[in-house]
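Trainee: Everything below, folded, please.
(one chain, ligands or ions: 1)
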Amino acid sequence: MTVGSVLVTGGCGYIGSFTALALLEADYNVVIVDNLQNSSKDTIDRIELICGKRPEFYNIDIRKEEDFDKVFDAHPDIDSVIHFAALKAVGESGEIPLEYYRTNVYGTICLLSSATKHNVSNIVFSSSATVYGDATRFENMIPIPEICPIGPTNPYGRTKATVESLITDHVEAQRNNLKKEGKSGDHWNAALLRYFNPAGSHPSGVMGEDPQGVPYNLLPLLAQVAVGKREKLLVFGDDYASKDGTAIRDYIHILDLAKGHLVALNYLRDHHPGVKAWNLGTGKGSTVFEMIKAFSDAVGKELPYQVVGRRAGDVLDLTANPTKANTELKWKAERTLYDACEDLWRWTKNNPQGYRQSPPQELLDKLKEDQKAGKPMA
Ligand SMILES: O=c1ccn([C@@H]2O[C@H](COP(=O)(O)OP(=O)(O)O[C@H]3O[C@H](CO)[C@H](O)[C@H](O)[C@H]3O)[C@@H](O)[C@H]2O)c(=O)[nH]1
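Mentor: Next up, the predicted model:
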């Protein structure tokens, strides 16, 4: 028995694949579209390995509305979409902003236009805490609540903020237009999920983040230092106004984040709230030095680093106030930073080539044992 069918754009990527897994485990049908530019199709096999169900997959370009049309035509049961597909490197977004707007903004226009033709009216959008920019410019806005005015500091963040407006305008227009026709527009809903820094891997060690090319996020880079692929971590600035001078982020375990998408989708389907923004974070900030220490502890050795200058576009503190999601969605991050570091290390040491090699037999045997014993994996 399935509870519904969901299109997951970018479903082979890090957060997308874990969300696809959470949806399948909650008995949703999942259809993934992904162009595999920064992800691997092997993700699909790992999802199936863990939950015994396989999402459908289409390799499409989200900048082509007709590609979406074909997928929706083939799956008339889809009524919801979770939209991850996007370019996401902050630094790169300053070098090729047109590509960022073309993929992130125009790609979303293609999605919404096609979705509308096919009566797909629940939209969960993968936004980012980046939309807030430097929240320390206001008084009392750390940890950051959703009412904090947005003000992204880089083109990537501005594409996310633009897409939030785009989705809001479209959903509100659909609701109003249907009302004018004397119909209910209540089935048009959107969740704008502003999440903080995703971290960690699946506890089984068979699924994790597998960035293609050079990673640019702190934890994947630290993981490369731990396995000797990189000599040391460069710490971008120790002159911030934090307790140790390094910048503060709210690191949230990937399984908690994936669950947040599931509960947001269920909330849209059950409560028809219109458009809502929710922060998905833990409410606890950690500095870069604290993260180096936490991951070094998980690895069991000191990881070398060198302090260099600040990275352009970085801000001092992005820590969530997750109260709104805690109360409205009844969702709370349950896993600790320690869990995230342990899980990331298990994934990294067992899969040094990411998805390009099979996981070690002992992990597969352990997974089977846990499944037989009915142990919940997520
Ligand atoms: O080699 C590195 C990489 C990062 N950092 C520092 O580590 C912290 C985290 O940096 P990440 O690049 O891992 O993450 P960001 O906070 O810059 O951005 C991430 O989290 C954001 C929300 O908080 C957005 O979601 C964004 O898409 C995502 O990449 C920052 O203070 C950064 O300066 C380093 O010191 N050295």
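Trainee: State the distance from the residue nearest to Phe57 when sequence neighbours are not counted to Asp370.
Mentor: Excluding its sequence neighbours, the residue lying closest to Phe57 (Cβ to Cβ, 6 or more residues apart in numbering) is Ile32, at 5.0 Å. Any C-beta I mention is one placed from the backbone N, CA and C, and that applies to glycine too. Here the criterion is Cβ to Cβ, to the nearest Å. By it, Ile32 lies 25 Å from Asp370.
Trainee: quick one, helices of the stretch 251-378 of the chain?
Mentor: With DSSP state H, counting those that start in this stretch as the criterion, the stretch 251-378 of the chain has helices at 254-271, 288-299, 323-324, 337-350, 361-372.
Trainee: between those, which one is nearest to Tyr14?
Mentor: helix 254-271 (7.1 Å; Cβ to Cβ).
Trainee: can you tell me if that closest one touches the ligand.
Mentor: No - on the criterion Cβ under 6 Å from any ligand atom, helix 254-271 is out of touch with the ligand, staying 10.4 Å away.
Trainee: what sits up against that helix?
Mentor: 4, 6, 14-15, 18-19, 21-23, 26, 80, 82, 122, 124, 189-191, 193, 195, 198-203, 209, 273, 278, 280, 282, 325, 328-331, 333-335, 340, 378 (Cβ atoms under 8 Å, 6 or more residues apart in numbering).
Trainee: Could I get the contacting residues of the residue nearest to Tyr251 when sequence neighbours are not counted?
Mentor: Excluding the flanking residues, the one nearest Tyr251 by Cβ to Cβ, 6+ apart is Ala199, at 4.3 Å. Neighbour list for Ala199: Leu219, Tyr251, Ile252, His253, Ile254, Leu337, Ala340, Cys341, Leu344 [criterion: Cβ under 8 Å, 6+ apart].
Trainee: want to throw those into a markdown table with distance to Gln306?
Mentor: Converted to a markdown table, the contacts of Ala199 look like this (distance: Cβ to Cβ, whole Å):
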| residue | distance to Gln306 |
| --- | --- |
| Leu219 | 18 |
| Tyr251 | 22 |
| Ile252 | 27 |
| His253 | 28 |
| Ile254 | 28 |
| Leu337 | 23 |
| Ala340 | 24 |
| Cys341 | 21 |
| Leu344 | 22 |
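Trainee: Of the residues you listed, which is the nearest to the ligand?
Mentor: Taking Cβ to the nearest ligand atom as the measure, the ligand lies nearest Leu219 of the contacts of Ala199, at 6.5 Å.
Trainee: what about that closest one, how many residues close to it?
Mentor: 22 (other Cβ atoms under 10 Å).
Trainee: next one: the one 5 residues further on
Mentor: Taking other Cβ under 10 Å as the criterion, the count of residues near Gln224 is 18.
Trainee: How about the secondary structure of it?
Mentor: Following DSSP: H, G, I helix; E, B strand; the rest coil, we place Gln224 in the helix state.
Trainee: wait, what's in contact with it?
Mentor: Counting by Cβ under 8 Å, 6+ apart, Gln224 has contacts Pro215, Arg230.
Trainee: change it to 6 Å
Mentor: Arg230 (Cβ atoms under 6 Å, 6 or more residues apart in numbering).
Trainee: do you know how far it is from Leu344?
Mentor: Going from Gln224 to Leu344 by Cβ to Cβ gives 11 Å.
Trainee: How about Asp270?
Mentor: From Asp270 to Leu344 the distance is 34 Å (Cβ to Cβ).
Trainee: More neighbours: these two, which one.
Mentor: The residue with more neighbours, out of Asp270 and Leu344, is Leu344; 26 against 8, by other Cβ under 10 Å.
Trainee: The more buried one touches Ser201, doesn't it?
Mentor: Yes - Leu344 is within contact range of Ser201, at 5.2 Å (criterion: Cβ atoms under 6 Å).
Trainee: per-residue pLDDT, Gln212?
Mentor: We note a pLDDT of 80 for Gln212 in this prediction.
Trainee: That one: how many residues sit nearby?
Mentor: Number of residues near Gln212 (other Cβ under 10 Å) recorded here: 13.
Trainee: what do you get for Ile142?
Mentor: 19.
Trainee: Get me the contact residues on this structure for the ligand.
Mentor: Counting by Cβ under 6 Å from any ligand atom, the chain comes close to the ligand at 88, 90, 128-130, 196-197, 216-218, 221, 233-236, 247, 249, 288, 311, 314, 318.
Trainee: which stretches of the chain have low pLDDT?
Mentor: 376-378 (pLDDT under 70).
Trainee: try 80 this time
Mentor: Within the chain, the stretches with pLDDT under 80 are 375-378.
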